[in-house]
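> No letters, just coordinates:
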């Protein structure tokens, strides 16, 4: 009877390959359940293991320190199918049969107080008399594709897992865990079909393979013209980004002080509704100068893909990181000067990868960028590619194919990587003469410093140097960096 039930299980798994999980990408985590640490116990799953030169941990319950720990695995070198139960005496069952051969196999273990059995493809291949442990479980979790401690892994795929509190295999009313990994969305794929509904936590996919193309932030900034619809509230801006690991040294880029998005121009008086989302010491930071500030406590400069979202509401802004709330702040009313600016100085572009003119840019990649006229709700980070819907105001996939820009009313183009410095040098020499300042020779100042001064005082990407003296007089000039 047990063989018939197992044969049904094998057949059902053979036609369910749409539910395969690649354990090479990471382990599947499942919350603790006392039922997984009680006898009798039957554990069944389908696996395809590709390498026998390493340990392959198929499934493990609790850590090795737990007297109720058990695991199914293969040994390095020969790829033999084994079970390890350190609380039992003896604690190891080695089937002597290799299953790390790149083929699909149905593996199973039945645990009773006095014996443990291993099955392979419907056949009993190992049986051992044992003495069960008397100590209780530690209340730790279950993992597929690795140890609960977080060590070792598995080079292969898993199809279906069933755990039952009965000393036989197959479907029964004693099932305490059943994960088929079938469905079209994460909530369906990870669900536990048993009465416990102990849904799995799937390993994150390789995000890089899901983008049509990415924007190389090191190559300079780009921009999108702002349209009136971007001013409405609510509004959600979300995108994927991968930034190199933060080294924490003294250089500007490795301090993580780069800007990812800038809405408008950060003038002495910012343009209408100016805001920026950037990095401070490797952590996301949203700023609407003088009105709203959100500083994340999470370093995301780790060479991993992360999803960032800003949700603009009439009275507050929320920032989300990888689908979870990461900070909220109220929007203060604008000052009198800012209010005057809001009335006369409209925002022009949304700059991507830095500030207008190429300042405060840094290395990294940006995936799909989306702007929506709604409050997007996230149950975890939404996987790319994003789909355009009725609330989508803009969707950029950074592809050379213009059809990937949705809707077509918006556009994307690169801006110059670096601001020209010669006009600014010439203009500064005129100021020095006019104001009677004692200063260094302009040729002695590095070009990078000139560009930074250009950013601070000269229109931020608009090379209109004639307007600069409007901001200057001798008193302020004497206190600025030109004065030595």
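Sure, I can see it. Please read all numbers here as calculations on a predicted model, not as lab measurements. Numbering: from 1, shown residues only.

> Can you get me a residue count around the closest residue to residue 102 other than its chain neighbours?
Leaving aside its chain neighbours, residue 102 sits nearest to residue 50 (5.4 Å; criterion: Cβ to Cβ, 6 or more residues apart in numbering). Just so you know, the C-beta spots here come from the backbone N, C-alpha and C atoms, and that holds for glycine as well. Residue 50 has 14 neighbours, counted by other Cβ atoms under 10 Å.

> In contact with residue 50, which residues?
24, 100, 102, 155, 156 (Cβ atoms under 8 Å, 6 or more residues apart in numbering).

> Spit out the contact partners of the fourth one.
Think residue 155. Contacts of residue 155 (Cβ under 8 Å, 6+ apart): 23, 24, 49, 50, 51, 54, 56.

> distance of the residue nearest to it when sequence neighbours are not counted from residue 100?
Nearest non-adjacent residue to residue 155, counting by Cβ to Cβ, 6+ apart: residue 51, 4.1 Å away. Separation of residue 51 from residue 100 (Cβ to Cβ, to the nearest Å): 6 Å.

> any residues in contact with both of those two?
residue 156.

> Show me where the stretch 251-400 of the chain has its helices.
Remark: helices assigned in the stretch 251-400 of the chain by DSSP state H, counting those that start in this stretch are 336-344.

> what two of the contacts of residue 155 are the furthest from one another?
23 and 54 (12.2 Å; Cβ to Cβ).

> Same drill for the two, tell me which one is more crowded.
residue 23 (24 against 17).

> my guess is the more buried one meets residue 144, correct?
Yes: Residue 23 lies in contact with residue 144 (Cβ atoms under 8 Å); the separation is 6.7 Å.

> Okay, now the unreliable bits of the stretch 351-484 of the chain?
357, 399-421, 435-484 (pLDDT under 70).

> Was I right to think residue 364 contacts residue 219?
No: the pair residue 364 / residue 219 is not scored as a contact, 10.7 Å apart, by Cβ under 8 Å.

> what pLDDT does the residue lying closest to residue 88 once chain neighbours are set aside get?
Nearest residue to residue 88, sequence neighbours excluded (Cβ to Cβ, 6+ apart): residue 130, at 4.4 Å. Per-residue confidence (pLDDT) for residue 130: 97.

> Endpoint to endpoint, stretch 55-64 covers what distance?
15 Å (Cα to Cα, to the nearest Å).

> Let me see the residues that make contact with that stretch.
Counting by Cβ under 8 Å, 6+ apart, 27, 32, 36-37, 43, 45, 47, 49, 68-76, 79, 86, 100, 107, 137-138, 140-149, 152-156, 158, 161 sit against stretch 55-64.

> Go again with 7 Å.
36-37, 43, 45, 47, 49, 68-76, 86, 100, 107, 137-138, 140, 142-149, 152-156, 161 (Cβ atoms under 7 Å, 6 or more residues apart in numbering).

> quick check, residue 169 in a strand?
No: the assignment for residue 169, made by DSSP: H, G, I helix; E, B strand; the rest coil, is coil rather than a strand.

> how many other residues sit next to the residue nearest to residue 155?
So residue 51, with other Cβ under 10 Å, has 17 neighbours.

> quick one: the closest residue to residue 351 other than its chain neighbours from residue 383, how far?
Spatial nearest neighbour of residue 351, chain neighbours left out: residue 262 (4.3 Å); criterion: Cβ to Cβ, 6+ apart. Residue 262 is 27 Å from residue 383, where distance means Cβ to Cβ.

> Give the residue from those two that has the larger number of neighbours.
residue 262 (29 against 14).

> Could you list which residues are in contact with that one?
276, 351, 355, 356.

> Could you identify the buried members of the contacts of stretch 55-64?
Buried by 16 or more other Cβ atoms under 10 Å: 36-37, 43, 45, 47, 49, 68-75, 86, 100, 107, 137, 140, 142-148, 152-156, 161, out of the contacts of stretch 55-64.

> What about those residues, which are in strands?
Counted as lying in strands by DSSP state E, out of the buried ones among the contacts of stretch 55-64, are 43, 45, 47, 49, 70-74, 107, 142-144, 156, 161.

> Identify the residue nearest the geometric centre of this structure.
residue 306 (2.8 Å; Cα atoms, centre = their mean).

> Neighbours of the residue nearest to that one when sequence neighbours are not counted, how many?
Once flanking residues are discounted, residue 306 sits nearest to residue 300: 4.7 Å by Cβ to Cβ, 6+ apart. Neighbour count of residue 300, defined by other Cβ under 10 Å: 23.

> Domain map for this protein?
Partitioning the chain according to automatic domain parsing yields domains covering residues 2-203, 209-414, 422-478.

> pretty sure residue 423 belongs to a helix, no?
Yes: the assignment for residue 423 is a helix, going by three-state DSSP.

> count of neighbours near it?
14.

> In terms of neighbours, single out the busier of residue 364 and residue 219.
With neighbours defined as other Cβ under 10 Å, residue 364 and residue 219 compare such that residue 364 has more, 21 against 12.

> In terms of helices and strands, where is residue 166?
For residue 166, there is no helix or strand it lies in under DSSP states H and E.

> Would you confirm that it contacts residue 175?
No: here residue 166 does not reach residue 175: they are 8.5 Å apart, not a contact under Cβ atoms under 7 Å.

> Between these two, which has more neighbouring residues?
residue 175 (20 against 15).

> for that one, phi and psi?
The phi and psi values for residue 175, taken as degrees, to the nearest 10, are phi -70, psi 130.

> and it, bridged to which residues?
residue 164 (DSSP bridges).

> hang on, it packs against residue 161?
No: between residue 175 and residue 161 there is no contact under Cβ under 7 Å: 10.9 Å.

> Surely residue 156 and residue 45 touch.
No: in this structure, residue 156 is not within contact of residue 45 by Cβ under 7 Å, at 11.1 Å.
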